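**Q** pasting a predicted model and its sequence here:
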Amino acid sequence: MADDQELESLYTQAKAALSAKDYDRASDLLRQLLAIDENYKDTSRLLARMVRLKRQRWYNNPKSWAALGAVALVGLAVWSAPRLKAFSPSIASPAETTAPSTNPPFTATPYSTSTPELLPAFTSTLIPLRWKRLSTGQEFSRDEITSIVIDPNDPDVVYIGTRNAGIYKSLDGGITLMPIQNGLSFAGISGLAIDPKNPQTLYAGTPSNLIFKTVNGGGAWQAIDTRMENSYAGDTSVLIDPFDNQHIFLAAPDYGWMDSNDGGTTWNETSLSPCPSAIGAFLVHPQVNGKLYATQIREDSDCPAGVFHSTDGGGNWTRLGLEETGIYAMAIGSDPSGREILYASSVGSENRLYASDDGGQNWSELAQIACSALYVNPANPSTMYCHGVNGGYSSTNAGLSWNPLPERCCAPVAFSVDGTRMLGGGEGGLLSSSDSGISWTEIGNGLGNLRIKLKTDPAHESLYAEDAYGYIFHSPDWGIPWQQASPFFGGSYEVEWPRYWLSIGKNGDLYLAHEQTIRISKNQGTTWDFLPAPVDTANRGVLLNVSSREDTLFVSDISMDPNRSLFISMDAGQNWAHNTGEDIPYGRFYFPPAPSEIIYSVDITGYGSPAYVSTDNGASWQLCGLEPEAVPTSVDIVSDDPQRLYLATKGDGILISADGCRSWNPSNDGLGGLFVNSVAVDPFHSEIIYAGTDGGAYVSFDGGIHWGSINDGLLGATVVYSIVIDSQSNVYAATPNGVFLLGANG
């Protein structure tokens, strides 16, 4: 810990560097100060001032203009074009990716890329564009909280992990939250762990193959290499050995577990033992060094289901007495006399909570409740909390009896060291309780909204937003304000992200697939009517997905049935024709501008073959040359070249096809991460492409050859869910902090 004299010395040097306009040195000194004491004097204000001055210096620095001037000037010229009506773009697409003038017979050729290397925390490329917030996003639902940790030395310092919006920090016990995203290239957080000996060090688990670490309380995150082979490992949990803070455990469903003895620098892959392999719960004993518990959630040839324990830190495992499938939660507590109790909960066909007072050799059933998560108050180990699909429960007598918690509360749960403060999360936002969960107060001002997808309506010059639950919002004035446009849902229907069902016709009519029905609104979502059902959907009970081109509707059956159907209506849904077969796509449809008869269908669920193409307006289909492992999230097509596509993916960055999806090449030079949510091509200047990623917003002025970040004005929440461009080349972005409009800086 630095003393006051050292802090004052750094502060004095920083002010002197600012006076001398040595902004690089001033930045380094101020960041050193913040790493030691984030509240020292006016360090934060000085750093913000320095950033502003540094930008001013950049605009007047001829060396910087020599290096970046070409890109910046092209960007500004292109940005001004729709308004000045005086710019004609002359940038050509790269020769090696130019679409051929003639189309050879279709042969799918999959793209070839190696496994991407983990990227360090990235720095922004200076581009003179700045976002302006149009709405705060308070109209949309808050994102789900997946993890909470409290600083053991200061209960007012709280860290929150979310399902989609990254990580947040609070300095007032959770009352207000601020995003801490610097260095995060994946925003889905499945677990947080705080070092009890050095609370400035935290680890964040994600459902991808990335684990992030910070050593300065979230000031910056760095991806650490776990060498997990799976691109999707499930909700990875991170645990710290209470006896050795450099000993870190990772456990992932359907994958197994592994550990590191040096704080995540290197990993012991030998710990991936055959059993347990499909981890449901992983538990480190807080008082016994080297004692671990894990559950195998299913039977397989190498490992029977049940509870296992290790007494040597995971070197060897022994199966205990409980031999059940589907055990997803474990906890260690005690009864009122102080006797240690081990708990395990099975979820599935048999919902049971079990307890053992002999370390797991023998078990008794406590209750018929489903606990997908169990929590024990460390200051009062006979008080516990259970959360499952049917809600939450609390017990004050070591699980002998249970009382329901308030609706939507609470998982996860975190306790202050003394046990007097309790924070709960989940889909209901952030809640606080100071009476062991009897009463709760909603807090967490500043928590980001969940994922939303923006769509433009050129006919009415307005925006729509569709959230992860299927709710639709309409803004008649391009983002100010928003009103719900799908009242018939009534909160009873949830869709699995990232499926979007809204389609907007050429006249602004809205089409929406809802279960086995199709609805239409001709008044921007105020009222909805049913269209005649496509043939045979009622009997088959399939879910539908609707898209529109002019007055033609395309509806796909998104079931996994090998005899899927495609329904086509040439009269806006009054009459339907359909064909059936294995080659029928079930993804989202994307249409180049008429008169092209090309249609692309891209599956954004990640469950099946990712892309199809039709060159005869949907009469026949062929698979595209896209790897089955690719997980697309967004597609855009160059307006004057229907063969050229840009594809955003989760994990592979942006892929470009210049030959109508036959082959693909990566376009990731300059991207800060490979988890891309959205891609959009300027309709007037096809060499300008925008991308929204889990690590910020990006722009390319050269057809995707190079990318630069444009995060100025996003208020620290550099997670971009969706980017769209209207008919005037205005660019809109949806983020956890609301909806933003891109404009020239200054």
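**A** Looks like it came in fine.
**Q** what about Thr236, neighbour count?
**A** Per other C-beta atoms under 10 Å, the neighbour tally for Thr236 reads 27. In this view, the C-beta of every residue, glycine as well, is placed from N, C-alpha and C.
**Q** thought it was touching Leu250?
**A** Yes: Thr236 is within contact range of Leu250, at 5.9 Å (criterion: C-beta atoms under 8 Å).
**Q** next, show the common contact partners of the two.
**A** 205, 211 (C-beta atoms under 8 Å, 6 or more residues apart in numbering).
**Q** Ser9 in helix, strand or coil?
**A** Here Ser9 is recorded as helix under DSSP: H, G, I helix; E, B strand; the rest coil.
**Q** quick check, pLDDT for it.
**A** pLDDT recorded at Ser9 is 77.
**Q** over to Leu623?
**A** 90.
**Q** same question, the one 4 residues further on
**A** Note on Glu627: pLDDT of 83.
**Q** did I read that right, it in a helix?
**A** No: under three-state DSSP, Glu627 falls outside any helix and is assigned coil.
**Q** in the protein, which spans are helices?
**A** 4-19, 23-36, 43-59, 62-84, 537-540 (DSSP state H).
**Q** mean pLDDT lowest where, among the ones you listed?
**A** Among those, helix 62-84 scores lowest, with a mean of 38.
**Q** where does pLDDT dip in the stretch 201-350 of the chain?
**A** Counting by pLDDT under 70, the stretch 201-350 of the chain has low-confidence residues at 226-234, 254, 269-274, 349.
**Q** for it, what spans make up the strands?
**A** 202-205, 210-214, 222-225, 237-240, 248-252, 256-260, 279-284, 292-296, 306-310, 318-319, 327-334, 340-346 (DSSP state E, counting those that start in this stretch).
**Q** which residues touch Ser382?
**A** Counted by C-beta under 8 Å, 6+ apart, Ser382 has contacts 333-336, 396-398.
**Q** same thing but at 10 Å, please
**A** By C-beta atoms under 10 Å, 6 or more residues apart in numbering, Ser382 lies in contact with 333-339, 341, 376, 395-400.
**Q** what about Pro286, how many residues nearby?
**A** Pro286: 12 neighbours (other C-beta under 10 Å).
**Q** give me every residue that touches it.
**A** Neighbour list for Pro286: 242-243, 332, 376, 378, 381 [criterion: C-beta under 10 Å, 6+ apart].
**Q** which among those end up buried?
**A** 332, 376, 381 (16 or more other C-beta atoms under 10 Å).
**Q** any low-confidence regions in the stretch 551-700 of the chain?
**A** Judged by pLDDT under 70, the stretches of the stretch 551-700 of the chain that qualify are 558-562, 604-609.
**Q** picking that back up, which single one of the contacts of Ser382 is nearest to Thr311?
**A** Ile341 (18.7 Å; C-beta to C-beta).
**Q** burial count for that closest one?
**A** Count around Ile341 with other C-beta under 10 Å applied: 20.
**Q** I'd say it and Asn397 touch.
**A** No: Ile341 lies out of contact with Asn397 (C-beta atoms under 10 Å); the separation is 11.1 Å.
**Q** shared neighbours, the two?
**A** 335, 382, 384.
**Q** need those residues in a markdown table with distance to Asp669, can you?
**A** Output for the shared contacts of Ile341 and Asn397, formatted as a markdown table (distance: C-beta to C-beta, whole Å):
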| residue | distance to Asp669 |
| --- | --- |
| Asp335 | 60 |
| Ser382 | 57 |
| Met384 | 51 |
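**Q** now, among these, which is nearest to Tyr511?
**A** Met384 (48.7 Å).
**Q** that closest one contacts Ile341, correct?
**A** Yes: the pair Met384 / Ile341 is scored as a contact, 9.2 Å apart, by C-beta under 10 Å.
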